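K.L.:
Predicted model and sequence below, questions to follow.
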Amino acid sequence: MDEAHRSQYDTFALNMRNALPNAAFIGFTGTPLMAGEEKTREVFGDYVSIYNFRQSVEDKATVPLYYENRIPELQLTNDELNENMQDIIENAMLDEAQESLLERQCSREYNLIVNNDRLNKIAADIVTHFLARGFQGKAMVISIDRFTAVKMYDKVQHYWQQHLAKLKAKLEQSNVSEFEQKQLQKKIQYVESTDMAVIISSSQNEVEDFQNKGLDITQHRHRLVNESPGLDEKFKDTNNPLRIVFVCAMWITGFDAPGCSTVYLDKPMKNHTLMQTIARANRVFKEKVNGLIVDYIGVFRNLQEALAIYGSASGGGVEEGDTPVNPKTVLVQELRKAITEAQDFCQQKSIDLNKLDTTQDAFERAKVWNEAVEAVVVSEEVKKLYFALSANVTRLYKAILPDTAANEFSKTQMLLEKLATKIRQELPETDISEVMEEVEELLDESIVAGEFIIPESPRQLVDLSQLDLEQLERNFKTGYKHTEAEKLKGTIQRKLQQMVEFNKTRLNYFDKYQKMIEEYNSGSRNVDWFFSELLGFAKELNEEEKRAIAEKLTEEELAIFDLLTKPNINLSKKEEKEVKEIAQELLAILKREKLVIDWRKRQQTRASVEVAIKDVLDRLPQSYSDELYERKCNEIYQHIYDSYAG
């Protein structure tokens, strides 16, 4: 039984057991560990397997959850949010009768929650908070009922437009710098493009019901019914501008949108309904460090009561008092620890962050920053460690924004990130270890029909012939050796990747380069040896790059010629000339007649390409045995399949 609680304890459960007297009943649920849900254990027996919130975070199946109290001045106390009200709302899916019951039995508390001034303060705070966050994930605003959900949509839209007007007014000011202009334009574009929607279930006479409250439901119902793609798909799509949704019951259970990182909670909840709701923000997604629950209602002021977890029952290291959500101050402590680790690293490497910040003289400032770069790039291991430390600080710093606690760490975080950026700018490099995989699994998106494969990414092709090797050597001797070596290494890495992408037979250069890097990184060679080897290797690559011209072939033709002649096929000069002509003819026939649109998707066109290859290669010289001929046919077909789309 999935979600084995409540419906499995009464008449329906008895009917099930009468119908299936010999069945074994196994319950799957996330609620039996919570106070008031002990009956699941009584009905289904002892726990066979437990997987708790701590294990989920440790396994990186979910991200940790944190909360911050942002209760407006018109405060609500736990006494006022009495058990009666929480029990009614606990049902989560309030129908019309239950909404009326809520207003009747809890009129004082309900009226406090939906007080217009209070909702205005919350709406204004949502706009400020949402736009000032570091990680710009999507958000859910959860209100006490469907009327309030629509009200909050209207109010947030009002303050959203006010904020947009302020940004535009600031952009028009004459004293705004060029940098500030770009930042403001970027913010304005984000604010203008952001879409919001109300997600509530339908009911009879809802148009009239909402009109009686001074609200209009028609536009929201139209979107829910007619939007294509649906609002659920749009919210799950991280590239879609639908970034904020207003809900009261729908989507707070059983709806997954990994890009959602913030839940604005303004609805009294407890136990499994609260657990389900806050879980909307704990899904793993890209650079998302954590989920954040912004509490406007005071649910988390008594966390143990709201989430009464059985410490002894949940197992997996969970102790009495542990909860699936922690105050945001815990996240601040994690940032403080990450900052300390990064500062310790800098101190060990003689990097003075204070000097990086305060040095005013231009020449001295350049020297201080260059020395810091040199200290980090002293080895691959040290460089990777610094990048990891800096990235961790930045992720945690963004995660606590816009909390004012971030002010304490702003300068240090900025300096760490600026140093990492400077290193990346000066030492552009590509992870060459991924070249093998990229060569074998070429993406369709990076291939143009009938054209040789050229990566879509806008990186500039590297021309090693333009490198002044003598000047590089002089810079190395007079400047920062590790920095100069890393610069040359980065240039070679990018060039090597481009060359291997064009011609897979050049993987021997990749192997040689990898061995050189491994030998240097192991510490068995010093930086002088490494720089000398890099210079020699750059010369080799430069010569290889000129080979197509020497062979009087294009790069595309050379790739096929190399596949036909490598490794170690002994050919006479006459036979070599014949193979060149065959390579040129084969490529011309394929591009002219066979590589039609979507040729790889249809068996008939694939077969046509394969037959053409075999027909042309059938004219290879006698030096090619039948076995070698078959192997070359397969290699050429695979190359064409990988490198040319239709």
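P.N.:
Alright, I've got the coordinates.
K.L.:
what stretches of the stretch 401-550 of the chain score poorly on pLDDT?
P.N.:
The model of the stretch 401-550 of the chain has pLDDT under 70 over residues 428-469.
K.L.:
Show me the helices in it, by range?
P.N.:
For the stretch 401-550 of the chain, the helices defined by DSSP state H, counting those that start in this stretch cover 410-426, 435-440, 469-478, 481-502, 507-521, 527-545, 547-550.
K.L.:
deepest of the ones you listed, which one?
P.N.:
Compared across the helices of the stretch 401-550 of the chain, helix 481-502 shows the largest average neighbour count, a mean of 21 (mean count of other C-beta atoms under 10 Å). Every residue, glycine included, has its C-beta placed from N, CA and C.
K.L.:
any idea of the angle that one forms with helix 469-478?
P.N.:
Angle, helix 481-502 to helix 469-478, by axes from the mean of the first three to the mean of the last three C-alpha atoms, to 10 degrees: 150 degrees.
K.L.:
hey, C-alpha coordinates of helix 481-502 in PDB?
P.N.:
This file holds the C-alpha atoms of helix 481-502, laid out as PDB (Å, rounded to 0.1, in the frame of the first residue of the first chain):
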ATOM      1  CA  LYS A 481      56.900  30.600 -13.500                       C
ATOM      2  CA  HIS A 482      53.800  28.600 -12.400                       C
ATOM      3  CA  THR A 483      51.500  31.100 -13.800                       C
ATOM      4  CA  GLU A 484      53.300  31.200 -17.200                       C
ATOM      5  CA  ALA A 485      53.300  27.400 -17.300                       C
ATOM      6  CA  GLU A 486      49.600  27.200 -16.500                       C
ATOM      7  CA  LYS A 487      48.900  29.800 -19.300                       C
ATOM      8  CA  LEU A 488      50.700  27.700 -21.900                       C
ATOM      9  CA  LYS A 489      49.200  24.500 -20.600                       C
ATOM     10  CA  GLY A 490      45.700  26.000 -20.900                       C
ATOM     11  CA  THR A 491      46.400  27.100 -24.500                       C
ATOM     12  CA  ILE A 492      47.700  23.700 -25.400                       C
ATOM     13  CA  GLN A 493      44.700  21.900 -23.800                       C
ATOM     14  CA  ARG A 494      42.200  23.900 -25.800                       C
ATOM     15  CA  LYS A 495      44.100  23.400 -29.100                       C
ATOM     16  CA  LEU A 496      44.500  19.700 -28.400                       C
ATOM     17  CA  GLN A 497      40.800  19.300 -27.800                       C
ATOM     18  CA  GLN A 498      40.000  21.000 -31.100                       C
ATOM     19  CA  MET A 499      42.500  18.900 -33.000                       C
ATOM     20  CA  VAL A 500      41.200  15.600 -31.600                       C
ATOM     21  CA  GLU A 501      37.600  16.700 -32.300                       C
ATOM     22  CA  PHE A 502      38.600  17.100 -35.900                       C
END
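K.L.:
per-residue confidence averaged over stretch 215-235?
P.N.:
For stretch 215-235, the mean per-residue pLDDT is 94.
K.L.:
swap in stretch 293-306?
P.N.:
74.
K.L.:
And stretch 282-289, by the same measure?
P.N.:
Mean predicted confidence for stretch 282-289 is 89.
K.L.:
Number the residues from 30 up from this point.
P.N.:
Understood, numbering begins at 30; the last thing we discussed is stretch 311-318.
K.L.:
Tabulate the helices of the stretch 430-579 of the chain (CSV), appending distance to residue 317.
P.N.:
Formatted as CSV, the helices of the stretch 430-579 of the chain follow (distance: least, C-beta to C-beta, whole Å):
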stretch, distance to residue 317
helix 439-455, 18
helix 464-469, 26
helix 498-507, 42
helix 510-531, 30
helix 536-550, 32
helix 556-574, 38
helix 576-579, 46
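K.L.:
Of those helices, which is nearest residue 666?
P.N.:
The closest of those to residue 666 is helix 464-469. By C-beta to C-beta, the value is 14.5 Å.
K.L.:
who's in contact with residue 442?
P.N.:
Going by C-beta atoms under 8 Å, 6 or more residues apart in numbering, residue 442 touches 368, 422-423, 426.
K.L.:
Is residue 97 in a helix, a strand, or coil?
P.N.:
strand (DSSP: H, G, I helix; E, B strand; the rest coil).
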